[in-house]
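Trainee: Just a sequence and a predicted model for now, questions to come.
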Protein chains: 2
Amino acid sequence: MQALILAGGTGTRLWPQSRNALPKQLLDLVEGGTMMQATVNRILPIIPIENIFIASNRVYGPLIKEQIPDLPKGNIIEEPSAKHTAPCIGLGAVHMGQADTDQVMASLHADHFIADEEGFRQGLLAAEEVARQGYLVTLGIQPTGPETGYGYVQRGAELGRYNDQLVYEAAGFLEKPDLATAQRFVDEGTYYWNSGIFIWQISTLLEAFQNYMPEFYDQLGQLEQAVKAGQVIDSIWATIRPQSIDVGIMERANKVAIVPVDIGWNDVGSWAAIHAINPTNEHNNVALGAEHIAFETEGTLVQGNGRLIATIGLKDVIIVDSGDAILVCAKDKAQDVKKVVDWLKQNGRTDLL
Amino acid sequence: MQALILAGGTGTRLWPQSRNALPKQLLDLVEGGTMMQATVNRILPIIPIENIFIASNRVYGPLIKEQIPDLPKGNIIEEPSAKHTAPCIGLGAVHMGQADTDQVMASLHADHFIADEEGFRQGLLAAEEVARQGYLVTLGIQPTGPETGYGYVQRGAELGRYNDQLVYEAAGFLEKPDLATAQRFVDEGTYYWNSGIFIWQISTLLEAFQNYMPEFYDQLGQLEQAVKAGQVIDSIWATIRPQSIDVGIMERANKVAIVPVDIGWNDVGSWAAIHAINPTNEHNNVALGAEHIAFETEGTLVQGNGRLIATIGLKDVIIVDSGDAILVCAKDKAQDVKKVVDWLKQNGRTDLL
């Protein structure tokens, strides 16, 4: 199996720590290195480093090389610009399928957290077996609550057991639901969170591009020729329309399978998630990168920059010191960090973006 | 009239901004300069600069000279060490009464806030007149609520009108009360907050030292000789017992008068006071020294160090960035900043004290 790690995101939901020049996947937000390093280390027991490819915006190339020094030089696939997931995965497939398009490729995100790494690997191995039957496979995450921030996938008929796990046909992909709908999904027990983790044979993926994204499939042919000839792809890339793989293929394709997994997955979409995925002390506090002196403080995350942070009388607060800016935010308002970023954009504060 | 400004405090209640090397009175916490500068500017309309003396710990001398450049060089009275208010005021009296002990001296604190400066000056002028009748005079602050953090003074019989203000004999000084007692004080209407602002003829003060602090009075004689001879006072000073002027004299003396004033006085004893004494915006927020980007934030104080501070979903929170440390504190826990300072002391963190 090969792995393509998507690492082009410019997430701003972890501002002021995440920046255009230093996105979430390259930050040290959990134990065991940066999220990128954790993503690589998580699959190394089943996928050798030479089979791991990282697709990312050109500007992050040097930092990725620094963080993953063992990665072969040719395994960093640089996108000239961000075009969402489908073009990125297509470009990855062109690079990775040159020797053999029957190979199975797992498409992973560089900025997800997974608590049960062995469970994740077993899920991937099951998905690899299903993929060899010609399916587009996704890992469906067992919901732990009526989450409205995730898309869902509904399971259909049983396909059988693979690597000792029950696998289903996918009955449909569903956009982020409202709370009542999410609750119904959880109650019915046949819906999973859409992890955005996909596994397929490269030949299956290319056929899907041909069927469901024919314009892009033609452009992919041009990309392939350029890559083989060692040419610059920028002018071809510029003509490509941004599209997500979910909308472009997964929601439309017929032969889609779900491998359900229950692995403590989190897409780390906000500072509240950083609190949730890290070990807490006896007062449910998390301190990263700073000495935290706490009195009457509970459920609070401190993400520092070396400076001591003292707190008194706080409950469920997020404090982030990035060195050049400070965020103090109620944990249940963590999604609104976007508002600060929008304000900075509108006011031309590129120094803090 | 002469003024002695007491500026030796090492207050830690405004940590992390206030430090041993930079106490509250030398900080820029309100409009119009540092608290020391505001204290001087407040009395300049009625007391010329050559009549203003500042008593302080020796280590603060250079900063005081820098902040009050017009002050005559001989008007800074340096204490070899902190001995509380009575010795400090006594040493001031020795310096200030050399020409004429009939002069009236006002003893003020360098770190108090007063909103109504003209009202304060009119109170001082009334007190000056009363002091010339041989009284030890204090400004009694009209309470605005049942404050348990202040001492109180109770008024006795009317003494008459001075500078168009009703003046009373003092019936007693009372320590910080519990809430029920404080409420009774406010309801009865004959109690005032003890401002620690005293006005007396130097001769009256010296007589009081002789009557109520005879040991110190003898030491004061030695201090006077040393000062007149231009000698170092350190060895005499070392023998003096620390004592407050309240306990040493005011609570014991018979001829004490109260000039009641209602002048927006605040002893700035915590960060909550800094929020209270500064102008607020439409969301009741105060931002000092930092750009504050606020969403759903109310009643919050931001005291910064140049770095942008963004807040989301906060109510009544204090955020202080001193450059080398950050404090985030519920406003109603502002008194507990002391706990952080104690922790730092116990853990040898002199770098942050």
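Mentor: It's in.

Trainee: Pop the domain breakdown of chain A in here.
Mentor: Split into domains by automatic domain parsing, chain A comes to A:2-266, A:271-352.

Trainee: Is the longest one in proximity to chain B?
Mentor: To tie it back to what came earlier, the one meant is domain A:2-266. Yes: counting by Cβ under 8 Å from any Cβ of the partner chain, chain B has neighbours in domain A:2-266: residue A:16. Heads up, the C-betas are built off the backbone N, CA and C, glycines and all.

Trainee: host element of residue A:345?
Mentor: Following DSSP states H and E, one finds residue A:345 within helix A:337-346.

Trainee: buried ones in that helix?
Mentor: A:337, A:340-341, A:344 (16 or more other Cβ atoms under 10 Å in any protein chain shown).

Trainee: Figure out how far it is from the centre of its chain.
Mentor: 23 Å (Cα atoms, centre = their mean, to the nearest Å).

Trainee: Next: stretch A:123-136.
Mentor: 19 Å.

Trainee: coming back round to it: pipe the domains of chain A into a markdown table and attach distance to residue B:93 per row.
Mentor: Below are the domains of chain A laid out as a markdown table (distance: least, Cβ to Cβ, whole Å):
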| stretch | distance to residue B:93 |
| --- | --- |
| domain A:2-266 | 54 |
| domain A:271-352 | 41 |
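
Trainee: Distance to residue B:24 and mean pLDDT added to those domains, as TSV?
Mentor: Converted to TSV, the domains of chain A look like this (distance: least, Cβ to Cβ, whole Å; pLDDT from 0 to 100):
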stretch	distance to residue B:24	mean pLDDT
domain A:2-266	30	95
domain A:271-352	18	96
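
Trainee: How about the residue nearest to the spatial centre of chain A, nearest residue that isn't a chain neighbour?
Mentor: Nearest to the geometric centre of chain A sits residue A:109, at 2.9 Å (Cα atoms, centre = their mean). Nearest residue to residue A:109 in three dimensions, chain neighbours excluded: residue A:6, at 5.3 Å (Cβ to Cβ, 6 or more residues apart in numbering or on different chains).

Trainee: could you pull out the helices for chain A?
Mentor: If DSSP state H is used as the criterion, the helices of chain A fall at A:35-43, A:61-67, A:85-96, A:117-131, A:179-188, A:202-212, A:214-228, A:234-238, A:245, A:271-277, A:337-346.

Trainee: Those: which one's closest to residue B:311?
Mentor: The closest of the helices of chain A to residue B:311 is helix A:337-346. By Cβ to Cβ, the value is 9.0 Å.

Trainee: which helices and strands sit right next to the closest one?
Mentor: Applying 3 or more Cβ pairs under 8 Å, 6 or more residues apart in numbering or on different chains; DSSP states H and E, we find helix A:337-346 packed against strand A:325-330, strand B:292-298, strand B:308-315.

Trainee: I'd like those as JSON lines, with mean neighbour count appended.
Mentor: Formatted as JSON lines, those follow (neighbours: other Cβ atoms under 10 Å in any protein chain shown):
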{"stretch": "strand A:325-330", "mean neighbour count": "25"}
{"stretch": "strand B:292-298", "mean neighbour count": "19"}
{"stretch": "strand B:308-315", "mean neighbour count": "23"}
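
Trainee: any chance of those strands in TSV, plus distance to residue B:195?
Mentor: Listed next are the helices and strands packed on helix A:337-346 as TSV, based on distance: least, Cβ to Cβ, whole Å:
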stretch	distance to residue B:195
strand A:325-330	35
strand B:292-298	31
strand B:308-315	31
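
Trainee: Count the residues that sit near the residue in the stretch 1-150 of chain A positioned nearest to chain B.
Mentor: Nearest residue of the stretch 1-150 of chain A to chain B (Cβ to the nearest Cβ) works out as residue A:16 at 7.3 Å. Residues near residue A:16, counting by other Cβ atoms under 10 Å in any protein chain shown, number 26.

Trainee: That one contacts residue A:325, correct?
Mentor: Yes: in this structure, residue A:16 is within contact of residue A:325 by Cβ atoms under 8 Å, at 4.0 Å.

Trainee: Need the overlap of contacts for the two.
Mentor: Here residue A:16 and residue A:325 have A:352, B:310 as joint contacts, going by Cβ atoms under 8 Å, 6 or more residues apart in numbering or on different chains.

Trainee: For residue A:59, give its distance to residue A:29.
Mentor: Applying Cβ to Cβ, to the nearest Å, the value for residue A:59 to residue A:29 is 20 Å.

Trainee: So which of the two has more stuff around it?
Mentor: residue A:29 (25 against 13).

Trainee: contacting residues around that one?
Mentor: A:14, A:17, A:35, A:268, A:274, A:288, A:303.

Trainee: Identify the bridge partners of the nearest residue to the fourth one once chain neighbours are set aside.
Mentor: Of all residues beyond its chain neighbours, the one nearest residue A:268 is residue A:113 (5.2 Å), with distances taken as Cβ to Cβ, 6+ apart. When bridges are assigned using DSSP bridges, the partners listed for residue A:113 are residue A:266.

Trainee: wouldn't residue A:113 be in contact with residue A:35 here?
Mentor: Yes: shown here, residue A:113 and residue A:35 form a contact pair, counting by Cβ under 8 Å, at 7.3 Å.
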